[in-house]
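Asker: sequence first, predicted coordinates after that:
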Amino acid sequence: MSLSAFNALFPDEAAARGWFERTRWPHGPECSGCGSVNRARWINTRRVWACRECGAQLTVTAGTPMHRTRVPLLCWFQAIYLIVSSSKGISAEELAEMIDVSYPTAWFMVHRIRTMMAEANPILAGVVELDEMYAGAPPRKRAKSARDHDGVRQVPQK
């Protein structure tokens, strides 16, 4: 995905939250307390869903590595995009500068994103495209050493 396609998909925080809710809850908000689906109402002042059956409050990030974070979802998505699209990896310091957060916040996000990538997570599953990588190729031939296995230098024959 190109950067312009990413920006078109997630122009603001509301679009990022809407995409994450549709992806995580395809049939509407699901209550982890009573299991009801699409029986919740949005509480705008708290920015959470409230279950009409049991009264539990639901958030789309609950149970994910982004749980209880104060960082906006758009920043999380930008960080995920930058980490995944970087061919040589990205440091927390670089990420902090790119998405305009503090270094400790970027460090926390980098570690959480790496945890998400290591786990079997359906949101991050699917086709993975890798560039500039050799997988399963035989090792390259190396130059012969001037020493044999005993550590004694071999004298070239004339």
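Answerer: Nice, thanks for sending it over. Bear in mind the structure is a predicted one, so any value in this text is a computation, not a measurement. Numbering: from 1, shown residues only.
Asker: count the residues that sit near residue 78.
Answerer: 22 (other Cβ atoms under 10 Å). No exception for glycine: its C-beta is placed from N, CA and C like everyone else's.
Asker: in the protein, where is pLDDT below threshold?
Answerer: Flagging of the chain using pLDDT under 70 yields the residue ranges 120-158.
Asker: at 50 instead, please
Answerer: Counting by pLDDT under 50, the chain has low-confidence residues at 124.
Asker: where do the strands sit along it?
Answerer: Here the chain has its strands, by DSSP state E, at 40-43, 48-51, 57-58.
Asker: looking at those strands, which is buried most?
Answerer: A comparison of the strands of the chain by mean neighbour count, using mean count of other Cβ atoms under 10 Å, puts strand 48-51 on top with a mean of 19.
Asker: can I get that strand in CSV? Just the C-alpha atoms.
Answerer: Output of strand 48-51 as CSV, limited to C-alpha atoms (Å, rounded to 0.1, in the frame of the first residue of the first chain):
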residue,chain,number,x,y,z
VAL,A,48,-17.0,4.1,24.5
TRP,A,49,-19.8,1.7,23.7
ALA,A,50,-22.3,0.7,26.5
CYS,A,51,-24.1,-2.7,26.3
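Asker: the residue nearest to residue 52 when sequence neighbours are not counted and residue 46, how far apart?
Answerer: The shortest distance from residue 52 to any residue other than its chain neighbours is 4.8 Å, reached at residue 39 (Cβ to Cβ, 6 or more residues apart in numbering). With the distance defined as Cβ to Cβ, to the nearest Å, residue 39 ends up 18 Å from residue 46.
Asker: more neighbours: which of those two?
Answerer: Ranked by neighbour count (other Cβ under 10 Å), residue 39 and residue 46 place residue 39 first, with 16 against 10.
Asker: residue contacts, that one?
Answerer: Residue 39 makes contacts with 28, 29, 31, 51, 52, 53, as judged by Cβ atoms under 8 Å, 6 or more residues apart in numbering.
Asker: quick one, which of the strands of the chain gets closest to residue 108.
Answerer: Nearest to residue 108, of all these, is strand 48-51, at 22.0 Å by Cβ to Cβ.
Asker: in its sheet, what does the closest one sit against?
Answerer: Strand 48-51 has its sheet partners listed here by DSSP bridges as strand 40-43 (antiparallel), strand 57-58 (antiparallel).
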